[in-house]
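Engineer: No sequence on hand, only this structure:
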């Protein structure tokens, strides 16, 4: 169950603004690009709150691939630790696995710090190419 908001935080007031069809479409597209509803975009814009930085398709695909690689390394680490506990030969060197995990974390941190001006229109390829990442 959702916690109740205090009366001061509960959104009960409605703002109205008349726009023409073109302006409405532009606002709608801007909200979609920011990953927000029109209401949230309006609130943030009017209240001068920063809009979230949208990630390019390439950056999102890279994050997804890093997560997949990280999952594989975690599975290999688990198998290695289990083998060591059972007195068996481990399938991988634990020190190398730890280095790989650290490297993946470093790549993730660096990727999050990249200030890119790539838009979805500038991305190389199209949605069909995104399947190659899966």
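Structural biologist: Looks like it arrived, so ask away. What you see is a predicted model, and the numbers here were worked out from it, not measured in a lab.
Engineer: pLDDT (mean, whole number) over whatever helix or strand residue 22 lives in?
Structural biologist: For residue 22, the host element (DSSP states H and E) is helix 21-34. Mean pLDDT, helix 21-34: 92.
Engineer: buried residues in the helix or strand following it?
Structural biologist: Downstream of helix 21-34, the next assigned helix or strand under DSSP H and E is helix 38-46. Neighbour counts over helix 38-46 (16 or more other Cβ atoms under 10 Å) mark 41, 44 as buried. In this view, the C-beta of every residue, glycine as well, is placed from N, C-alpha and C.
Engineer: can you list contacts of helix 38-46?
Structural biologist: Outside helix 38-46, the residues that touch it by Cβ atoms under 8 Å, 6 or more residues apart in numbering are 15, 27-28, 30-31, 34, 36, 49-51.
Engineer: Try it again at 10 Å.
Structural biologist: Residues from elsewhere that reach helix 38-46 (Cβ atoms under 10 Å, 6 or more residues apart in numbering): 11, 14-15, 17, 24, 27-28, 30-37, 49-52.
Engineer: just the buried members of those residues?
Structural biologist: 27, 31, 34, 36.
Engineer: mind checking how far the first one is from residue 9?
Structural biologist: Note on residue 27: its distance to residue 9, by Cβ to Cβ, to the nearest Å, is 25 Å.
Engineer: now residue 15
Structural biologist: Noted for residue 15: a distance of 17 Å to residue 9, by Cβ to Cβ.
Engineer: do residue 35 as well
Structural biologist: Distance, residue 35 to residue 9, by Cβ to Cβ: 23 Å.
Engineer: now swap in residue 42 and tell me
Structural biologist: Distance, residue 42 to residue 9, by Cβ to Cβ: 17 Å.
Engineer: what sits against residue 89?
Structural biologist: Residue 89 makes contact with 80, 83 under the criterion Cβ under 10 Å, 6+ apart.
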